[in-house]
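Novice: I'll drop the sequence and a predicted model, then ask my questions.
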Amino acid sequence: MNPLNNVVIFGATSAIASAVARRLASSGARLFCVARNPERLESLLADLRVRGDDAAGERIRGLAADPADPATHADAWAAAREHLGEVDAALLAWGSLPDPAACHDSVEATEEALRINGTSAVALLTRIAPDFEAQGHGVIGAIGSVAGDRGRQSNYVYGTAKGMLATFLQGLRHRLAPAGVDVVTIKPGFVRTPMTEGFNRAGALWAEPDRVAGGILRALRRGHAVAYVPWFWRIIMLIIRNFPDWLFRHLRL
Ligand SMILES: NC(=O)c1ccc[n+]([C@@H]2O[C@H](COP(=O)([O-])OP(=O)(O)OC[C@H]3O[C@@H](n4cnc5c(N)ncnc54)[C@H](OP(=O)(O)O)[C@@H]3O)[C@@H](O)[C@H]2O)c1
């Protein structure tokens with residue numbers, strides 16, 4: 001079991017990541033939260049300090065920096081290490097759903113979506129991996145998506161970024177295993193967060209962020225390779241991945 005006593009979260013203001021942070025703060029963990037919006041970060045930190053009984057902000061700190069911008073990574077990682085010392089876990093959580101129609105005919109919109117959801121995460125993983133390797137323990141988790149399992153017309157640019165991230169994590173997991181470092185690919189299904197506002201979010205497939213947070217923490221503690229959250233998405237995606245293309249192309253998904 002991986003201990004989760006010293007944890008850094010990039011994209012901590014995400015509804016899913018905030019739910020993870022709230023659970024960790026309540027358990028007394030030392031946290032370092034990185035997010036791009038200073039006001040939202042401060043309000044998250046204030047909430048976490050109440051939950052973690054850390055009024056002085058000794059255990060729970062943060063830095064306003066955009067994790068989707070690789071130019072911020074060196075300073076943010078250095079600040080996290082300075083606060084945490086040994087890092088038990090790093091969680092990468094930022095992301096945004098691009099407008100699919102805008103991506104259809106815009107190279108710029110497509111590249112921007114790939115940067116926010118894919119290459120920026122790969123850049124951060126590349127920066128932090130050697131320190132985990134040298135440390136010889138710990139767990140790295142990154143939030144991908146079930147959308148990365150199969151391209152479909154409604155969100156294949158986002159899916160491409162998440163699919164790339166999943167393949168990178170797979171290779172990193174292989175590389176870091178001998179060093180005793182776990183790498184967890186987290187694949188949420190449909191979650192009620194600001195990212196999915198505007199969707200029809202009724203039905204049993206939709207989960208609350210706190211439920212997903214519970215699944216993420218379980219996967220990080222156990223060092224699971226790939227965690228579908230909630231669990232039933234593993235079965236759904238097994239079917240979707242294996243659906244024959246000649247039939248799939250007729251579905252409006
Ligand atoms: N919700 C779902 O159904 C779902 C499903 C599968 C995977 N995911 C993934 O889960 C992760 C967390 O998302 P969430 O659902 O919790 O969404 P969320 O609450 O909307 O949070 C999104 C996070 O990403 C940041 N962000 C958004 N646009 C950005 C940009 N252009 N540049 C830099 N940062 C940006 C946000 O920062 P601000 O707080 O400053 O806006 C926030 O921290 C993401 O990686 C997402 O792709 C979500």
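Specialist: Structure received.
Novice: what sits against the residue of the stretch 51-200 of the chain found nearest the ligand?
Specialist: Evaluated by C-beta to the nearest ligand atom, the stretch 51-200 of the chain has Gly95 as its residue closest to the ligand, separated by 2.6 Å. Using the backbone N, CA and C atoms, a C-beta is placed for each residue, glycine as well. With contact set as C-beta atoms under 8 Å, 6 or more residues apart in numbering, Gly95 has these partners: 11, 14, 116-117, 143, 145, 195.
Novice: any idea of the mean pLDDT for stretch 70-89?
Specialist: Mean per-residue pLDDT for stretch 70-89: 98.
Novice: ah, wrong one, I meant stretch 186-195
Specialist: Rounded mean pLDDT across stretch 186-195 is 98.
Novice: now swap in stretch 245-253 and tell me
Specialist: 90.
Novice: quick check: Gly215 vs Glu42, distance?
Specialist: According to C-beta to C-beta, to the nearest Å, Gly215 stands 28 Å off from Glu42.
Novice: the more surrounded of these two?
Specialist: Gly215 (21 against 13; other C-beta atoms under 10 Å).
Novice: ramachandran angles for Gly28?
Specialist: The phi/psi pair for Gly28 (degrees, to the nearest 10) reads phi 90, psi 10.
Novice: what helices or strands is the helix or strand harbouring Ile216 leaning on?
Specialist: Using DSSP states H and E, the element containing Ile216 is helix 209-222. For helix 209-222, the elements it packs on are helix 15-26, strand 89-92, strand 139-143, strand 182-188, strand 226-229, judged by 3 or more C-beta pairs under 8 Å, 6 or more residues apart in numbering; DSSP states H and E.
Novice: so which bits of that helix are buried?
Specialist: Within helix 209-222, the residues scored as buried using 16 or more other C-beta atoms under 10 Å are 209, 211-217, 219-221.
Novice: looking at these, which is nearest the ligand?
Specialist: Relative to the ligand, and with distances defined as C-beta to the nearest ligand atom, the nearest of the buried residues of helix 209-222 is Pro209, at 6.3 Å.
Novice: the closest one contacts Ser18, doesn't it?
Specialist: Yes: the pair Pro209 / Ser18 is scored as a contact, 7.3 Å apart, by C-beta atoms under 8 Å.
Novice: next, the angle strand 139-143 makes with the longest helix along the chain.
Specialist: Counting by DSSP state H, the longest helix found in the chain is helix 156-176. Here the directions of helix 156-176 and strand 139-143 differ by 170 degrees (axes from the mean of the first three to the mean of the last three C-alpha atoms, to 10 degrees).
Novice: ok, residues contacting helix 156-176?
Specialist: Under the criterion C-beta under 8 Å, 6+ apart, residues 97-98, 100, 103, 110, 113-114, 116-119, 121-122, 125, 129, 132-133, 140, 142, 144-145, 147-152, 182-185, 187, 225-226 lie in contact with helix 156-176.
Novice: brilliant, that's me finished.
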